[in-house]
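A.B. asks: One predicted model, sequence on top.
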Amino acid sequence: MIGDYASAVRTFSNLLSKELEVKRIPAIKLQLANNLMLQGQEEAALKWYDDIIKEHSRTDASAKSYFALAQQQEYKIGDLEKAREYYELVRGEFANSIVAPKAKERSDHIKAAMDLVAAINEMLGIKTAKDSLKGKEGEEADKREVRDDAPINLSSDGMWVNYSGRDRPPPKTLADLTEEDKLRAQAAKAMVSDSLSAKGAAHEAKQDTLSVEEKAARELKDKNRKLAEKQLALGELLMFHFDKPDSAMRLFTRVCELKVDSAMSARAFYSIGYIFKFIKKDTATADSVFRSIIQLFPQSPHAEGARKELGVPLLADRIDSAAVTFTRAEQAIFKENEVKKGLELYDQLIESWPASPFAEKALYAKGWVFENKLFQYDNALDIYKRLTTEHPKSPYAEKLTAKLSAHEKALAAFKAAADSVRRAKSGAEADSLQPGAASDSLQSAAADSAAVQAKQPAVAGADATTLPIVSKSDSTAAVSRSDSSAALPEQVLEEEAEKQARQRAGRKQRAASSKAGVPRKEIIE
């Protein structure tokens, strides 16, 4: 009959009294001890285990006896340190025993738990039980060199006075100094102290206070992070290897309260939900915890696990709406030739999904369209500047940095040429009263403009090309193109500039009409 331990005890007792084969006796004793333990006769069982260890050492029965004693210490008494000692002895008794791997695993888990508890208590300033049991030897071992922490008197009789009559050795810094040296050192310190102004001393004290506060804040943050790591590891160890879900949940809650790291907080939250669902069988509370994880840490792996437990679609399986919108915008611009619709889709993407990588991609594409399809250079320039400001680490911002820099240099050169023409005009008017002076002034302006043009940096490559310079002073642009045109009167210069501007616009319009309906190229290369 299953569970009839009394009958089993009688049977093994009879076998033991009649057994003549020595090799079988340890196994019979072990079965007798096990059944006595299951029957509730722990004292009698422990005696048999001790008998097996003494009389039949280095056998499988003695190894299993140590294992039984270890389990009794761990689960019945709760003495983990003693239990670990017994687990360690199992392999030494009989390494090939079937319980040897399990004994090693339990020993390792207990050691890890004890180390984590000691580390956490040290961080919290809590003395462990082992420290509190130290006797006289421990007290003697903990003795440290006596130090004088009292403030040192720097007045009249010098630093040595502070130590007179205390039966203490002098400070190490003064051990090799003569009386004259001590007085000289004291006088030097007094002079340095007096030389500091009140303002300087206050400023230095303020700086020291700030540095101390910042250092203390960093140290506290690092300490809390390490504490959270230890508590999280201990909680998982207690939950999975010691069957202590309540203790584990308290540790997980402390990790969440510290709020030092979102990844650790999400992991602790998920462990709490796991305990409620699979150990406590409280699905309502577990679902509430899982929903909180999704809300607080939506991008974390544990949020994906929470979605799986709740039966909601996973984030990885959802359609990327930002990517779809970007594709639609490209199709509208390059395949359907509906630039306005494409720009509206770009705006919708940037506004609806600002954190998406496609938002900065859409911003760059929008600027490209204004520059290369609509020839609205001012709008393109504004968008490029917005991109470099809002997404400075974007690869598109890196492309635009050289482009915007070259544009600024070209604009500066253009303004310099315009200023040269204005100075030439003023000089011509001033010299008009003198015969032959106007020609010299205009020639000088032409030379200045040519010099400005020569100093313009040459920019190579598509990414570094500048935006065309559009300004109300386009009439002055002709001055920088040739020395001969600079010598013409102002009216001729204006007419020449307007003519060339019309020619450029006509060429661009013809090029655009000839390529209507055919996409020029993809925006993002």
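C.D. replies: Sure, I can see it.

A.B. asks: tell me what the top helix by length along the chain is packed against?
C.D. replies: Looking across the chain with DSSP state H, the single longest helix is helix 198-241. Judged by 3 or more Cβ pairs under 8 Å, 6 or more residues apart in numbering; DSSP states H and E, helix 198-241 is in contact with helix 100-124, helix 245-258, helix 262-274. Placement of C-beta: from N, CA and C, glycine included.

A.B. asks: distance of the residue nearest to Asn35 when sequence neighbours are not counted from His56?
C.D. replies: Nearest non-adjacent residue to Asn35, counting by Cβ to Cβ, 6 or more residues apart in numbering: Ala8, 4.3 Å away. To His56, Ala8 is 20 Å away according to Cβ to Cβ, to the nearest Å.

A.B. asks: Asp243: neighbour count?
C.D. replies: Asp243 has 11 neighbours, counted by other Cβ atoms under 10 Å.

A.B. asks: Could you do Leu258 as well?
C.D. replies: Leu258 has 18 nearby residues by other Cβ under 10 Å.

A.B. asks: Quick check, it in contact with Ala228.
C.D. replies: Yes: if you go by Cβ atoms under 8 Å, Leu258 and Ala228 touch, sitting 4.8 Å apart.

A.B. asks: domain parsing for this protein?
C.D. replies: Per automatic domain parsing, the structural domains of the chain span 5-126, 217-317, 319-392, 410-428+438-516.

A.B. asks: Look up which helix or strand Phe326 falls in, please.
C.D. replies: helix 321-330 (DSSP states H and E).

A.B. asks: Next up, the contacts around Ser57.
C.D. replies: Glu93 (Cβ atoms under 8 Å, 6 or more residues apart in numbering).

A.B. asks: how about it, secondary structure?
C.D. replies: When classified by DSSP: H, G, I helix; E, B strand; the rest coil, Ser57 comes out as coil.

A.B. asks: just use 442 as the starting number from now, easier for me
C.D. replies: Okay, residue one is now 442; in that scheme the one you just asked about reads as Ser498.

A.B. asks: Tell me the pLDDT of the residue nearest to Asn476.
C.D. replies: Looking at Ala449, its pLDDT reads 94.

A.B. asks: For it, the count of nearby residues, please.
C.D. replies: 18.

A.B. asks: Can you tell me how far it is from Gln482?
C.D. replies: Taken as Cβ to Cβ, the span from Ala449 to Gln482 is 12 Å.

A.B. asks: Can you tell me the closest non-neighbouring residue to Lys517?
C.D. replies: Glu483 (7.6 Å).

A.B. asks: for Gln514, phi and psi?
C.D. replies: Main-chain torsions, Gln514, degrees, to the nearest 10: phi -70, psi -40.

A.B. asks: Can you give me the neighbour number for the closest residue in space to Lys718 that isn't next to it in sequence?
C.D. replies: Distance criterion Cβ to Cβ, 6+ apart; nearest residue to Lys718, sequence neighbours excluded, is Ala727 at 3.6 Å. Look at Ala727: counted by other Cβ under 10 Å, it has 22 neighbours.

A.B. asks: residue contacts, Ala727?
C.D. replies: Here Ala727 is in contact with 714-715, 717-718, 750 (criterion: Cβ under 8 Å, 6+ apart).

A.B. asks: any idea which helix or strand carries it?
C.D. replies: helix 724-737.

A.B. asks: So which bits of that helix are buried?
C.D. replies: 727-728, 730-731, 733-735 (16 or more other Cβ atoms under 10 Å).

A.B. asks: Output those residues as TSV; include the columns pLDDT.
C.D. replies: Converted to TSV, the buried residues of helix 724-737 look like this (pLDDT from 0 to 100):
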residue	pLDDT
Ala727	96
Asp728	96
Val730	96
Phe731	96
Ser733	95
Ile734	96
Ile735	94
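
A.B. asks: Distance check, Ile720 against Gly752.
C.D. replies: 20 Å.

A.B. asks: Please say which of the two ends up with more neighbours.
C.D. replies: Neighbour count, other Cβ under 10 Å: between Ile720 and Gly752, Ile720 has more, with 15 against 7.

A.B. asks: What confidence value was assigned to that one?
C.D. replies: So, for Ile720, pLDDT stands at 94.

A.B. asks: Now for it: which residues touch it?
C.D. replies: Going by Cβ under 8 Å, 6+ apart, the list of residues near Ile720 reads Pro686.

A.B. asks: So what does it have for phi and psi?
C.D. replies: Residue torsions, per degrees, to the nearest 10, at Ile720 are phi -110, psi -50.

A.B. asks: could you give the mean pLDDT of stretch 690-709?
C.D. replies: Mean predicted lDDT for stretch 690-709 stands at 94.

A.B. asks: before we move on, what about stretch 815-835?
C.D. replies: The model assigns stretch 815-835 a mean pLDDT of 88.

A.B. asks: tell me which residues of it are tucked away?
C.D. replies: So for stretch 815-835, counting by 16+ other Cβ under 10 Å, buried means 818, 821-822, 824-825, 828-829, 832, 835.

A.B. asks: Inside strands: which ones of these?
C.D. replies: If you go by DSSP state E, the buried residues of stretch 815-835 have nothing in strands.

A.B. asks: What lies in contact with stretch 466-476?
C.D. replies: In contact with stretch 466-476 (Cβ under 8 Å, 6+ apart) are residues 446, 449-450, 453-454, 456-457, 460, 486, 489-490, 492-493, 496-497, 500-503, 505-506, 509.

A.B. asks: Check stretch 795-808 too.
C.D. replies: Contacts of stretch 795-808 (Cβ under 8 Å, 6+ apart): 761, 763-764, 766-767, 770-771, 784, 787-788, 790-791, 794, 820-821, 824-825, 827-828, 831-832, 835, 837-838, 840-841, 964-965.

A.B. asks: Let's see that with 7 Å instead.
C.D. replies: Stretch 795-808 is contacted by residues 763-764, 767, 770, 784, 787, 790-791, 794, 821, 824-825, 827-828, 832, 835, 837, 964-965 when judged by Cβ atoms under 7 Å, 6 or more residues apart in numbering.

A.B. asks: Likewise for stretch 707-714?
C.D. replies: Contacts of stretch 707-714 (Cβ under 7 Å, 6+ apart): 673, 676-677, 680, 690, 693, 696-697, 727, 730-731, 733-734, 738, 741, 743-744, 746-747.

A.B. asks: CA atoms only: put that stretch into PDB for me.
C.D. replies: The C-alpha trace of stretch 707-714 is given here as PDB (Å, rounded to 0.1, in the frame of the first residue of the first chain):
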ATOM      1  CA  ALA A 707      10.500  46.100 -16.900                       C
ATOM      2  CA  ARG A 708      12.100  42.800 -16.000                       C
ATOM      3  CA  ALA A 709      11.100  43.100 -12.300                       C
ATOM      4  CA  PHE A 710       7.500  44.000 -13.400                       C
ATOM      5  CA  TYR A 711       7.300  41.000 -15.700                       C
ATOM      6  CA  SER A 712       8.500  38.700 -12.900                       C
ATOM      7  CA  ILE A 713       5.800  40.000 -10.600                       C
ATOM      8  CA  GLY A 714       3.200  39.300 -13.300                       C
END
